[in-house]
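1. Quick check, what structure comes out for this input:
(2 chains)
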Number of protein chains: 2
Amino acid sequence: MKQITFLLVAIAALAGVVVITAPASLNADEVAAAIFVTKIPAGYRDWKVISVAHEEGNLNSIGAVLGNDIAIKAYREGKLPFRDGAIIAALHYGHVPSEENNQVFGRSQSFIAGPPTNVQFMVKDSKTYAATGGWGFAHFSKDGKPGDEAFMKSCFPCHNQIKARDLVFTRYAP
Amino acid sequence: MKQITFLLVAIAALAGVVVITAPASLNADEVAAAIFVTKIPAGYRDWKVISVAHEEGNLNSIGAVLGNDIAIKAYREGKLPFRDGAIIAALHYGHVPSEENNQVFGRSQSFIAGPPTNVQFMVKDSKTYAATGGWGFAHFSKDGKPGDEAFMKSCFPCHNQIKARDLVFTRYAP
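-> Modelled structure (predicted):
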């Protein structure tokens, strides 16, 4: 999660390589290859909604969390862990006031999605991403540029704290 | 839009029946029948995302705005007015802090979708809803109960201020 990137990078720097706890069967290059998803999954903008979210602070974002059919099915059936092929997408936008809405409503309380900021993915493949709980993590800025290595290493240790829901923060909104 | 219901109801009460500007060819009963959509459109939870939104104040909501295929096509092609059959859905949830996220992130800045509060729809049918700009409006509370007449009469005058986008507030988030 990018909101604690700097903190995690700092922790990672202090702690050496503990952020990558690879099984003994994977060498360093394999781990490095495993934890990065570098291609934007096709068709994600058409996926169904899992939920919505808002981050204050420096992020100042509003987002839609979408899932491909495999992910949505798992959510709706309440079946964990997610099976291979599941992909979850988080589409983030600036959280901006809508002057138009506020004027019509007569109150200053309306916020809408502003310019896109980034899209993040979790891709389930229990073999390829065995070193990171079966999930590959991805981050693409608004221009499609992937997150750098230091940034990407911050994903897993954060998500790994949500073991009860297979490393996924977002709950399904009915 | 529910956020100004009380204001609009008050205005409507002062102004008499001006909130329903029916063509001469429709009598009062026809207008009353026309402006209310009383059945929840099937399958809306599977529709694609138009955008996301957040309302502060008494509403305290976070929402996903979805569209059926006809609506999404119109948005993506930038073609207005929406053609008959287009339906736009606004799924509203309580805007609640996520203690779980905040704990993992180490900051209090994360808000997620809480319990559902209501679902609202705009259904385009230029003949049936001719009296209200070609749109039928609907509101269903979390238990599926439709909005009452006074509430529903507040939809059109508010949406009618967004003539440049065929009475639709929400813009498409890429």
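2. Which positions in stretch A:98-117 come out as buried?
-> Neighbour counts using 16 or more other C-beta atoms under 10 Å in any protein chain shown place A:98, A:101, A:104-105, A:107, A:109-114, A:116-117 of stretch A:98-117 among the buried residues. Using the backbone N, CA and C atoms, a C-beta is placed for each residue, glycine as well.
3. right, is it up against chain B?
-> Yes. Judged by C-beta under 8 Å from any C-beta of the partner chain, stretch A:98-117 and chain B are in contact via A:100-101, A:104-107, A:109-113, A:116.
4. So, low pLDDT: which residues of chain A?
-> For chain A, the stretches flagged by pLDDT under 70 are A:1-35.
5. ranges for the strands of it?
-> Assigned by DSSP state E, chain A shows strands spanning A:48-55, A:61-67, A:87-97, A:110-124, A:135-141.
6. Check which strands are paired with the longest one and give the direction for each one.
-> Sheet neighbours of strand A:110-124, with direction, are listed as strand A:87-97 (antiparallel), strand A:135-141 (antiparallel), strand B:48-55 (antiparallel) (DSSP bridges).
7. most tightly surrounded among those?
-> Counting by mean count of other C-beta atoms under 10 Å in any protein chain shown, strand B:48-55 has the highest mean neighbour count of these, with a mean of 24.
8. List the contacts of A:Lys79.
-> Applying C-beta atoms under 8 Å, 6 or more residues apart in numbering or on different chains to A:Lys79 gives the contacts A:Lys73.
9. ok, back up a step: among the residues of stretch A:98-117 next to chain B, which two are most distant?
-> A:Gly106 and A:Pro116 (29.5 Å; C-beta to C-beta).
10. so A:Ile48 bridges to which residues?
-> For the record, residue A:48 is Lys, not Ile. A:Gly67.
11. Pull the contacting residues for it.
-> Residues near A:Lys48 by C-beta under 8 Å, 6+ apart: A:66-67, A:69, A:72, B:45-48.
12. Now a ChimeraX select for only the buried ones of those.
-> Remark: buried members of these, expressed as a ChimeraX selection using 16+ other C-beta under 10 Å:
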select /A:66,67,72 /B:45,47,48
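13. Turn the contacts of A:Lys48 into TSV, columns for distance to A:Arg83.
-> Listed next are the contacts of A:Lys48 as TSV, based on distance: C-beta to C-beta, whole Å:
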residue	distance to A:Arg83
A:Leu66	18
A:Gly67	12
A:Asp69	11
A:Ile72	12
B:Arg45	22
B:Asp46	20
B:Trp47	25
B:Lys48	24
